[in-house]
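Enquirer: The amino acid sequence is not available; the structure is as follows:
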């Protein structure tokens, strides 16, 4: 009886081992999905860029969207630093056509008027991305 138990254990162990080897072989046979490499990017800065806010809404020029090679944008208020129109909060929304801005006072109320902002843009390192960054820097 003791001999039957040990043969049974050997047969079960061999079955488990064969299943594990077969599963590993099946997983290796499935081709892995090739990950798409992100395109290289470069960073540009727009300093003291003048925008006109109307009830807190504004935007960067038409050629500032993700369809123009812009990968990311972040803006912050630059000036004026005193008076009724301090651009304390600048919210950016990158869309395909352009970058939308929401500009608020330090109290959270919408701002109306001309203000200056600073933006950091990440653009694709392609001819289109480089041209977009040059156009934005020239427009400021």
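Expert: Thanks, I have it. Note that the coordinates shown come from a computational prediction; the quantities given were computed from them, not determined experimentally.
Enquirer: Point out where this protein drops to low pLDDT.
Expert: When residues are selected by pLDDT under 70, those of the chain lie in 1-36.
Enquirer: what ranges do the strands span in it?
Expert: Applying DSSP state E to the chain gives strands spanning 41-53, 57-59, 70-79, 89-94, 99-104, 113-124.
Enquirer: The fifth one: how far from the chain's middle?
Expert: Distance of strand 99-104 from its chain centroid, counting by CA atoms, centre = their mean, to the nearest Å, is 17 Å.
Enquirer: which of the strands of the chain is buried the deepest?
Expert: Of all the strands of the chain, strand 99-104 has the most neighbours on average by mean count of other CB atoms under 10 Å, namely a mean of 21. In this view, the C-beta of every residue, glycine as well, is placed from N, C-alpha and C.
Enquirer: between that one and strand 89-94, how many degrees?
Expert: On the basis of axes from the mean of the first three to the mean of the last three CA atoms, to 10 degrees, strand 99-104 is oriented at 160 degrees to strand 89-94.
Enquirer: re the thing from before, dump the strands of the chain to CSV, plus distance to residue 134.
Expert: Formatted as CSV, the strands of the chain follow (distance: least, CB to CB, whole Å):
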stretch, distance to residue 134
strand 41-53, 9
strand 57-59, 19
strand 70-79, 13
strand 89-94, 19
strand 99-104, 16
strand 113-124, 10
